[in-house]
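Participant: Build me a model from this:
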Amino acid sequence: MIRLAALRALGWSSLYTLVIVAAAHGVTYEPNEVGRIVLKSNRYGAYQQYVPLSAQPPKDLTVVVHGTLGKDTDGLVSSRAFIERWVSAAEEHGSIILAPAFDNENFGGTSGPGGGYRGLWGRHIGADEFVNRIVLSYSRDLPGLDGKFRLYGHSAGGQFACRYVVRHPHRIRSAVICAPGEYAFPDPNVKWKYGMAAMSRRMRWTKGEPSKRVRVEPDPAGWKASSTLPIAVVVGARDDQPGNTIPGHPDGGRVTRARGWVRAMRTLAQENGLSPGVRLHVVPGVGHNSAELTPTSIRTLFSRSVQDDL
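Facilitator: A predicted model of the protein is given here:
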């Protein structure tokens, strides 16, 4: 629904300016999309968009990645629920919010080969490349955007965010990795998607498709580069129930694993004579709840002043 009251508050002259700005820069969004959540798509999938009223042209881009799909929930519903929590952040910080819909069919939203979008996989295109193409369409058209963006992901989306930042550190302005159960550790002896070593396996997207050999050779330089970036792991203090044993991960729950990954990344930076950028924030009294962790995640994503709980 269009926010008519908000548009009227701008005044007709300001609204006319929006139209002129859009026309002058050939922007990806239309003037009547400003101030409301809009479902968009490209050839590989769908995503939600929110363009703030407060900044025209917007200052930057933020990508918000939803968690595991529920039993009766699809990617469109989840991406919509997540982006709704970020509308106020868009207006306060003048950032376009984009929320990709990682559905089951194309990205394994519940589960998929290699973890689906958690491991950056997709049926027709990698989940990371899907995001890259979305971001590129805005960066190419909007003045002042340089291809970098802010990234937030919760739970399964946090796994995506963690693996994305170590594979594409040059694209990250800041990131919040919120309560994932797994990480990509800076360990050359552990295979991707849990570490830096090459991974090779046969994979099929569905039972009816023939399997094919897939090989991933991550670049260890990506971990070193991301170790200096403004990246925060946000996790609830009550989210530390022990989980299954995972290669390269410390035994324990999400808080324990978060602390282990942050320490490993900080150590990596220090061993290379770099200033560590990765930090940890443990939110008191909160469990594995994306809505309750969102306010801290927003503050952290747009500020480096959040306390480090390492």
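
Participant: Tell me, what's the model's pLDDT at residue 25?
Facilitator: With respect to pLDDT, residue 25 has a value of 38.

Participant: Correction: the previous question concerned residue 182.
Facilitator: On pLDDT, residue 182 comes in at 97.

Participant: before we move on, what SS does it have?
Facilitator: The three-state label given to residue 182 by DSSP: H, G, I helix; E, B strand; the rest coil is coil.

Participant: can I assume it is in contact with residue 155?
Facilitator: No: in terms of CB atoms under 8 Å, residue 182 does not count as a neighbour of residue 155; the distance is 10.1 Å. For the C-beta atoms, the positions are set from N, CA and C on the backbone; glycine is no exception.

Participant: where are the low-confidence patches of the chain?
Facilitator: When residues are selected by pLDDT under 70, those of the chain lie in 1-27, 304-307.

Participant: who touches residue 99 in this structure?
Facilitator: 47-49, 63-66, 79-80, 82-83, 86 (CB atoms under 8 Å, 6 or more residues apart in numbering).

Participant: Go again with 10 Å.
Facilitator: Shown in contact with residue 99 (CB atoms under 10 Å, 6 or more residues apart in numbering): 37, 39, 46-50, 62-66, 75-76, 78-86, 134, 152, 157.

Participant: which among those residues end up buried?
Facilitator: Taking 16 or more other CB atoms under 10 Å as the criterion, what is buried in the contacts of residue 99 is 37, 46-50, 62-66, 75, 78-86, 134, 152, 157.

Participant: Among the residues you listed, which ones are in strands?
Facilitator: 37, 46-50, 62-65, 152 (DSSP state E).

Participant: now, the most widely separated pair of the residues you listed?
Facilitator: Using CB to CB, those span at most 18.6 Å, a distance reached by 46 and 152.

Participant: Secondary structure element for residue 99, which one?
Facilitator: Using DSSP states H and E, residue 99 sits in strand 95-100.

Participant: got the angle for that strand vs strand 45-50?
Facilitator: Angle, strand 95-100 to strand 45-50, by axes from the mean of the first three to the mean of the last three CA atoms, to 10 degrees: 150 degrees.

Participant: so what strands line up beside strand 95-100?
Facilitator: Here strand 95-100 is paired, per DSSP bridges, with strand 45-50 (antiparallel), strand 60-65 (parallel).
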